[in-house]
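A.B. asks: Fold the following, please.
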Amino acid sequence: MATQLLFIYGTLLQSDNEFALYLQKNSAPHGKGKFKGILYDTGEYPGAILTGDAKGYVHGHIVLLNDNSVLKNLDRYEGYGPKEPQPDLFIRKRIAIETETGLVKCWVYLYNLPIDGLHQITSGDYVSYKKGQKKSPGI
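C.D. replies: Residues are numbered from 1 along each chain as shown. You can find the predicted model right below:
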């Protein structure tokens with residue numbers, strides 16, 4: 001089996017998420033990374049768009065998957081595949097992720113629906129963005 005690396009940047013990084021816990025049990029940490037793109041807040045989760053000409057980055061973590069079945073299970077969570085409502089909520093694509101030691105090819109789930117009206121997360125870091133929201137005083 002070829003090494004399967006997955007770049008995660010959103011709810012799969014949250015400790016209280018069922019699928020994040022599944023991923024933790026079925027993968028090993030590989031390091032941090034980023035890719036040129038734009039990150040949006042869709043409401044319940046973030047959506048990343050790959051754009052080579054973006055001024056910013058989407059930041060996240062890379063994990064080494066234990067086996068190929070992990071991706072198939074995550075596909076359902078991400079709304080990707082022929083059995084999912086179409087168009088797919090996310091598409092899974094293998095892209096080059098920038099790391100401290102160079103480029104690494106990883107699978108990543110990219111947002112596949114219109115972005116009109118979505119709030120851009122300018123930092124490109126969903127975890128920090130969510131922490132900042134929790135600290136903000138309510139209106």
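
A.B. asks: What ranges in the protein fall below the confidence cut-off?
C.D. replies: 1-3, 134-139 (pLDDT under 70).

A.B. asks: what are the ranges of the strands in it?
C.D. replies: 5-8, 27-41, 46-50, 57-65, 90-99, 102-111, 119-120 (DSSP state E).

A.B. asks: would you list those in JSON lines and tack on distance to K83?
C.D. replies: (Glycine included, C-beta is placed from N, CA and C.) As requested, those are arranged in JSON lines below (distance: least, C-beta to C-beta, whole Å):
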{"stretch": "strand 5-8", "distance to K83": "20"}
{"stretch": "strand 27-41", "distance to K83": "23"}
{"stretch": "strand 46-50", "distance to K83": "21"}
{"stretch": "strand 57-65", "distance to K83": "21"}
{"stretch": "strand 90-99", "distance to K83": "14"}
{"stretch": "strand 102-111", "distance to K83": "16"}
{"stretch": "strand 119-120", "distance to K83": "30"}
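
A.B. asks: highest average neighbour count across the ones you listed?
C.D. replies: Per-stretch averages of neighbours, counted by mean count of other C-beta atoms under 10 Å, single out strand 5-8 among the strands of the chain, with a mean of 23.

A.B. asks: residues making contact with that one?
C.D. replies: Strand 5-8 has contacts (C-beta atoms under 8 Å, 6 or more residues apart in numbering) with 23, 27, 30, 33, 35, 60-65, 70-71, 74, 95, 97, 104-108.

A.B. asks: do that again at 7 Å, thanks
C.D. replies: 30, 33, 60-65, 97, 104-108 (C-beta atoms under 7 Å, 6 or more residues apart in numbering).

A.B. asks: that older thread, compare the strands of the chain and give me the one nearest G79.
C.D. replies: strand 90-99 (5.8 Å; C-beta to C-beta).
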